[in-house]
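Novice: Next input, structure requested:
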Amino acid sequence: MNLSVVVEENVKMYMKNKGNIITISSFIVQGCCVVAEETDVSYKVPKDKTKYVIVEQDDLTIYIDKILRFKDDRVILSVSGFGPFKYIYAGELKRI
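Specialist: Here you go, the predicted structure:
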């Protein structure tokens, strides 16, 4: 997997308080008749690093789940929310 990672400036500022680890994992949302894949972002090293692509960029270590597919092989990291409800969003997930 040859991924391009775009880290927006607001992510760099946000991560100064969180450390330098970002892990992007697959998260399956299942409803009564629909199954959807989303991303789950955490701020710790994954238990099994072999399941992740490791990208070192902008003083961050970013672990990206190998099963995730992104549009044009590019993931865009941005900050969403406000105040204590801020979080990092991994955009451009390719949906089937």
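Novice: Quick one: low-confidence residue ranges for the chain.
Specialist: Applying pLDDT under 70 to the chain flags residues 1, 34-37, 93-96.
Novice: and the most centrally placed residue in the chain, what helix or strand is that in?
Specialist: Among the residues of the chain, the one closest to the centroid is Ile24, at 3.4 Å (CA atoms, centre = their mean). Secondary structure from DSSP states H and E places Ile24 in strand 21-30.
Novice: Paired strands for that strand, with orientation please.
Specialist: Sheet pairing of strand 21-30 (DSSP bridges) gives strand 35-42 (antiparallel), strand 60-65 (parallel).
Novice: ok, back up a step: which residues does the residue nearest to the centre of the chain contact?
Specialist: Residues near Ile24 by CB atoms under 8 Å, 6 or more residues apart in numbering: 39-41, 62-65, 68, 75, 90. All C-beta atoms are positioned from the backbone trio N, CA, C, and that covers glycine.
Novice: just to revisit the earlier point, among the strands paired with strand 21-30, which is the most enclosed?
Specialist: Neighbour counts (mean count of other CB atoms under 10 Å) averaged over each of the strands paired with strand 21-30 peak at strand 60-65, with a mean of 19.
Novice: what does that strand contact?
Specialist: 3, 5, 7, 11-12, 15, 20-26, 45-46, 49, 51-56, 75, 77.
Novice: try 6 Å this time
Specialist: With contact meaning CB atoms under 6 Å, 6 or more residues apart in numbering, strand 60-65 is reached by 20-26, 46, 52-55.
Novice: Just the buried residues of whichever helix or strand comes after that strand, please?
Specialist: Using DSSP H and E, the helix or strand that follows strand 60-65 in sequence is strand 74-80. Residues 75-77, 79 are the ones in strand 74-80 that count as buried (16 or more other CB atoms under 10 Å).
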